[in-house]
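In: Let me see the structure of the following:
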Amino acid sequence: MQHDEMIGKVQALTQLPGRGPAEQATRAVLTTLAERLPSGLADHMAAQLSPQLAASIREVTDSATAGSSKPSAERFDLTAFAGRIAARTGTDEDAALREAAGVLEVLDAALTPELMENVSGALPADIRELVPSARATEGGA
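Out: Next up, the predicted model:
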């Protein structure tokens, strides 16, 4: 999925007032997601996104792996996830969760199903609830 198409879809799903806020929300969610995922998995995700959006992920993975041979993922829950996004976008946590759900829905369509399944599987259950494929899978289990 191309950059402009992805931002347009995020804007439509989240009902943000323009492309600028949609871009900001997308970058905030990707950055926060990259902080939560093992760096190798985040790098695979970045490889399937546009260079502009991949940069948000690679900034995190590059700093996480600098001087370390171990991939590291920070452990935090949905409240911290929403708080980090809200801080990055200048919104409240409820808005951050709506934006995260929209970005994750678009991400679900942008990434290969196998990769999205791996991303979803690396998240704790409370954050995984925001991922559309996770909701569908859990409903059948």
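In: Is residue 32 within a helix or a strand, and which one?
Out: helix 19-36 (DSSP states H and E).
In: just residue 10 next, same as before
Out: helix 3-14.
In: what packs against that helix?
Out: helix 19-36, helix 51-65, helix 93-110 (3 or more CB pairs under 8 Å, 6 or more residues apart in numbering; DSSP states H and E). Where C-beta positions appear, they are placed from N, C-alpha and C, glycine not excepted.
In: packing partners for the helix or strand that the second one is followed by?
Out: Toward the C-terminal end, the helix or strand that comes next after helix 51-65 (DSSP H and E) is helix 78-89. With contacts defined as 3+ CB pairs under 8 Å, 6+ apart, helix 78-89 has these neighbours: helix 19-36, helix 93-110, helix 125-128.
In: Helix 78-89 vs helix 51-65, what angle?
Out: 120 degrees (axes from the mean of the first three to the mean of the last three CA atoms, to 10 degrees).
In: now helix 78-89, how far from the centre of its chain.
Out: Relative to the mean C-alpha coordinate of its chain, helix 78-89 is positioned 12 Å out (CA atoms, centre = their mean, to the nearest Å).
In: Quick check: mean pLDDT of that helix?
Out: Helix 78-89 carries an average pLDDT of 98.
In: Dump that helix to CSV, keeping only the CA atoms.
Out: The C-alpha trace of helix 78-89 is given here as CSV (Å, rounded to 0.1, in the frame of the first residue of the first chain):
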residue,chain,number,x,y,z
LEU,A,78,-2.9,-0.7,26.7
THR,A,79,-3.0,2.2,29.1
ALA,A,80,0.7,3.0,28.5
PHE,A,81,0.2,2.3,24.7
ALA,A,82,-2.6,4.9,24.6
GLY,A,83,-0.7,7.3,26.8
ARG,A,84,2.3,7.3,24.5
ILE,A,85,0.2,7.8,21.4
ALA,A,86,-1.7,10.6,23.1
ALA,A,87,1.5,12.3,24.1
ARG,A,88,2.9,12.1,20.6
THR,A,89,-0.3,13.4,19.0
